[in-house]
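Sequence and predicted model, in that order:
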Amino acid sequence: MPSRAWTLGVAAAALAVALVLPFTLTNFRLFQFTQVFIYAIALLGLNILTGFNGQISLGHGAFYAVGAYTTAIMIDQWQVPYGWTIPTAGVVCLVAGFLFGIPALRLEGLYLALATFALALAVPQILKYFEHWTGGSQGIVLSKPAAPWGLALNPDQWLYLLTLAVLVVLFALAANLLRGRTGRAIVAIRDNAIAAQSMGVNTALYKSLTFGVSAAYTGVAGALSALAIAYVAPDSFDVFRSITFLVGIVIGGLASISGAIFGALFIQFVPNWAQDISKAAPWAIYGVFLIGFMYAMPRGIAGSVRMVAARWRRRHAEPAAPAAGSGG
Amino acid sequence: MDTLIQQIVSGLATGGIYGSLALALVMIYQATDVVNYAQGEMAMFSTYLAWTLLNAGLPYWVAFVATLAIAFVGGLLLERILIRPVESAPVLTIVIVCIGLLVILNSVAGWIYSYIQKPFPSPFPSTPIRVGNIYFGAHNIGALAVTLLVLLGLYVFFRFTTLGLAMRAAAQNPVSSRLCGIRVGWMLAIGWGLAALVGAVAGMMVAPIVFLDPNMMAGILIYAFASATLGGFTSPGGAVVGGLIVGVIENLVGTYVSFIGTELKLTVALALILIVLVVRPSGLFGRPAVHRV
Amino acid sequence: MVRRALVLTGLLALGLALTPAPAPAQTPGVSATEIKVGNTNPYSGPASAYGTIGKAIGAYFKKVNDEGGVNGRKINYITYDDSYSPPKTVEMVRKLVEQDQVAFVFNTLGTPTNSAIHKYMNQQKVPHLLVATGATKWNDPKNFPWTMGWQPNYQAEGQIYAKYVLKNVPDAKVGILYQNDDYGKDYLKGFKDALGDAVRKVVVLEQSYETTDPTIDSQIVNLKNSGANVFYNVTIPKFAVQAIKKSHDIGWKPLHLLNSVSTSVGVVLKPAGLEASKGLLTTFYIKDPTDPQWKNGQDYKDWLAWMKKYYPEGNVEDGFNVYAYAVSHTLVQVLKQCGNDLSRANIMRQAANLKDVTVPMLLPGIKINTGPTDFAPIEQEQLAKFDGERWALFGELYDASKK
C-alpha cells in the first residue's frame, strides 16, 4: 500500500489542478470534465460493491436513474431547490439499495450479476409506465442551475465546482470508510465470506449496507447528471449504461478509489476518440481499446499504477544489496 | 379458452427462440466458466455469413451446414486468440474482453452490411397450420424441433463420446485433467467452437422471424439470459425449458393481468425470475454450487 | 513513476487549458468559402437503422458542393454519433456549437434527443433546423424561436385516420398496436384526440410492445379476439411486417390502418406478402422508392442517379434515403434564400420564409410553407390504399394548416 503521505500529496496536487481549470477551459470542456466527475462518483459507488465487497452488479444504471429522476421530479413537480435534491437522491438510493441487497444475499456471483442485470433492464419500462410522475418517454426538461450568492460564475463553471466539491467529500468519506474496520470487514467478506463470518463479522448486515451505500453514491451521481444535462428520459438509462459502469470500474481498477477516476476518464473520452479515428465503425475501435487495455493491464489502470509504484519503491527503497552471484 | 391455448402456443414459439440462444450461453458457461456476453453478436454475425452464402446462390441446407462449420472454427479461433491471453486474469477482466468483442462484432456487421433489416429465408413452409381455431406457425415448430435436435445431439456428444467426456473433465477439474493428458486449452477452444455453432443455429432459426439486422440479437440475448437464469446455468436442458417458460409467462401476463397489460410485460417477466432466484438461487434445474470451506 | 505520472497529468491539464478557445466570429460557422453545418445521428445503438439519414445528407451536400456550392460557398458538414442517447446528444451538440463553431444544427434525429437540446439551442440562439422527429412540440415559434421541424407531425396523421374511421366505418371497433415510446404514444394521442367523446366506445383494445421484443404475435392474437374490425397499426418496419403477416395468417381481416413510417413496398409489404397487404390504408407525404408508380418520374430518376453516384453503399429501397434527399434540398433552398447574409438570425428568418416551395420526391401537389407563426414546413398528406401492387392515392390532400 502506498504511504498515506504519497496518496494525500497526489490527491492534493490533482485537486489544485482541478480548481484552476474552470478559469482556463472552455465551457464545453468544463461540461465534459463535470461528466467525468459524475461518472467517477458513480464508479466509486459500484467499485465499493463489486471491487471491495465482491458483489457483482450489472444494474447500477438503475440507481443512477433513480437518483436522476428523484432530482428531476422534485424540481419539476414540487419546485424543490436543487441543492436539497442531491442528498435526497442519495438517501432514496441508500434505502433502495439496502432493500435490494437483502434478497440479493441469497445470490452469488453469476446469478447476482444476472439479477442486477434484470433490474437494469426493467428500469426504462417502469419509468415509461409511471408517466404522470416521470413524463414517460418524453422525459422531464430541467434548467441548469445558476451560481448562487451572486458569484461571478457561469452555470457550467458553477456545476463543475459543485460536482467537484461533492466528489471530494464523497471520496474522502469512502477512503475513510474503507481504511478502517468497516473497510476491512467488507474486503474480508469478499475474500472469504465464511471465514469472515466465523470471525464474528455480520456478513448479512454488511453486505446489505454496502449495497445501500454503493447505490447511494451512484444515486448522487445520477442526481448531479440530471442537473448537468438538464434533461432526463428513459432512453438515457438503458442497459448499456450499466454495462458501461462495469467497464469503467474494471478498466479503472477494481478495489481502488483512484480507479474510479481513471475509469471515468476512459468511459467519457475513449468513445469520442474512437469516433475521431473511424467514422465508419467507431465502436469497433472502442472494442479494440477495451480488449487492448485488458491485455496490457488486466488489473485495470490503478492496478498497473500500483504495480509500477511498488516496483519503483522496491528498487529505490533498499540500500544497495551486496552483489549477488550474477553480479546484478 | 381458445385465446389461452393460442397464447400458450405463441409463447412456446417465442420461448423456443429464447431457449435456443440460452442453450449456447449455458454451453459456453459449462465448458469454460465464462458468461460470454458476445454470444448474441456471434450468432448474428454467423447469420450474416449465412446470408452472404445464400446470396451467392448456395442452396439453403448447404449454406446452413457451411455456416455451422465456419462458426465452429470461428468460435475456436476466438477463444485461442482473444481469450487465451487473459485466461488466468480475474473473471471480470474476461467479461470486459467479451464486451469488447460484442461491440466489435456489432459495429463491423453494421459497417459491412448496413443497418437496414434484411429478410432471411426459412427452410420451412410459410403457411400456418391450423388445428381447430388455433394457428401454429410451421417455422416456429420447425425451429423448436431443430433446437431440440441440437440439444439431443449435445447430450449424446457429452455423455457418450470420449471428446465430450474430456471436455467435461477439463471444465470441472482442469488440474487433474492435465495430469490425465487432456489438452485443457484446446478443450476450452472446442467449447467455444461448439457454443458458436449452437449460436449460429439459433441465429438462422430466429432471423426469418425477427429479420436480419445487426441489432437483432440484442433483445433476444436479454431474454436468453433470463431463460438461462431461470432454468439454471448448469443445465442445458433447463435453459431450453426456461426459455419456453419465459415465453409463455410473458404472453399470459400480458393478456390476462389487465392492469399491467403489455406496458410492463418485460418487467413482470424479470420480476418473476428474480422471485424464482430468491427461492431457488441456482435456477429451477440447476445444481447448487457446493464450495469446500 | 508516480511523480512522473503526476507531472504528465499536470502538463496534460495545462495543455488542455491552453488550447485556445476559438474566437467567435461575427457570422459563426461562415466564411467566404464555406458554411459549417452540424448534425447528430444515431450511427450506433438500437436506432442505428436511422443512421443512413445522416450519411445520405452528407452525400447530398457533396453533390451540392460538386455543383459549385450555395452562392459560391461549400457546405462543410460535421456529423457525430449520439447512439440515440440524450446525454450524448447534449455533449455532441455542445461540441458542434462551442468547439466546432457551426453556423447551425440541422436535422438532428429523435424526439428525446432533440428534447434534450431544445432549451440549449434557443438559449444560445443557434438555429435548430428541420429536426428529424414527428413530435408536435417543434412548431412553437413564440417560445422556441430557433427550433423548427420539417415532416408532418404524428398526431396530425393519427387525426386523419380517426376522421376517416368516423366517416367511413359505421359501428367501428378499433384495436391499436403501438410502440411504447414517444413515437408510438404521439400517434396514439392524435388518433384518440380526434375521436373525441367516441373514444371509449370505439377503441376496444390497446396493446403496446417494446423494440426489444422479438415478436408481437401475442398482441395480434389479443387484438383479433377483442372483436376489433379496425386495426390501427403503429409499428416500425420490423414489427409492421410481423403484424401484417400474422393477422393474415390467423384469418383476421380488419380495416388495417398502417402508420406512414412503415409503408415501404420493398422493405415491409413484400416480405409480409403482397396478397396479405391488400387493402392496407395509410397516408403519404413523400414517395416510396419501391412503389412502381413513381419509377418513371424525373425526380425519382434524379434521386436514383444521385444515390448511385454519391451514396453507392446506400440502399435504394430505403425510404430514409429519400427523406434525407428531400430535407437536404429544403435546407439548401433556405441557404440560397439567405444570399450573402448567413448570420444566424437571417438563416432563421429565411427558414420561416418558405413560400410554396416544391421539393423533389414529395407527393405531387405538396408544397412547403412557413411563416413567422408557422414553423411546420410540411402539413399536407394524402390517403392511399394498397391494391396488391402499388399504393393508390385517393381523396383530397389533407391540409392540417387549414383546420
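Great, that's in hand.

how about B:Y135, phi and psi?
Dihedral pair for B:Y135: phi -100, psi 130, per degrees, to the nearest 10.

do the same with C:L383
Dihedral angles of C:L383 (phi, psi; degrees, to the nearest 10) stand at phi -70, psi 150.

Find the closest residue to chain C in chain B.
Using CB to the nearest CB, B:G219 is the residue of chain B that sits closest to chain C, at 3.3 Å. The way it works is simple: take the backbone N, C-alpha and C, and place the C-beta from them, glycine included.

What distance do you get for that residue to B:A109?
Using CB to CB, to the nearest Å, B:G219 is found at 16 Å from B:A109.

number of nearby residues for A:K144?
Counted by other CB atoms under 10 Å in any protein chain shown, the residues lying close to A:K144 total 18.

Quick check on it: phi, psi?
phi -70, psi 130.

Pretty sure it sits against A:L159.
Yes: applying CB atoms under 8 Å as the test, A:K144 and A:L159 come out as touching, 6.7 Å apart.

any shared contact partners between those two?
Residues within reach of A:K144 and of A:L159 at once, by CB atoms under 8 Å, 6 or more residues apart in numbering or on different chains, are A:227-228.

quick revisit: which secondary structure element contains the residue of chain B closest to chain C?
helix B:216-231 (DSSP states H and E).

can the very next helix or strand once past that helix be found next to chain A?
Sequence-wise, the next helix or strand downstream of helix B:216-231 (DSSP H and E) is helix B:236-256. No: against chain A, helix B:236-256 shows no contacts by CB under 8 Å from any CB of the partner chain, the least distance being 11.4 Å.

what comes up buried for stretch B:109-117?
Residues of stretch B:109-117 classed as buried: B:109-111, B:113-117 (neighbour count, 16 or more other CB atoms under 10 Å in any protein chain shown).

right, and the pair among these with maximum separation?
Farthest-apart pair in the buried residues of stretch B:109-117 is B:W111 and B:Q117; separation 16.1 Å (CB to CB).

Let me know the pLDDT of A:G109.
A:G109 carries a pLDDT value of 79.

same deal with C:P24?
With respect to pLDDT, C:P24 scores 47.

Next: the one 10 residues further on.
Note on C:E34: pLDDT of 93.

How are the strands of the stretch 1-150 of chain A distributed by residue range?
Secondary structure of the stretch 1-150 of chain A (DSSP state E, counting those that start in this stretch): strands located at A:140-141.

Spit out the contact partners of B:E250.
Listed by CB under 8 Å, 6+ apart, the contact set of B:E250 reads B:11, B:14, B:265-266, B:268-269, C:218.

so where's the stretch 1-150 of chain A shaky on pLDDT?
By pLDDT under 70, the low-scoring segments of the stretch 1-150 of chain A are A:1-3.

Next, count neighbours for A:M307.
13.

Check the burial of the nearest residue in space to it that is not next to it in sequence by counting its neighbours.
Leaving aside its sequence neighbours, A:M307 sits nearest to A:R299 (CB to CB, 6 or more residues apart in numbering or on different chains; 7.5 Å). Neighbour count for A:R299, taken as other CB under 10 Å: 20.

Can you pull the residues of the stretch 201-350 of chain C lying near chain B?
Counting by CB under 8 Å from any CB, the residues of the stretch 201-350 of chain C close to chain B are C:206-215, C:217-219, C:221-222, C:225, C:237-238, C:241-242, C:249-251, C:267, C:271, C:313-315, C:317-318.
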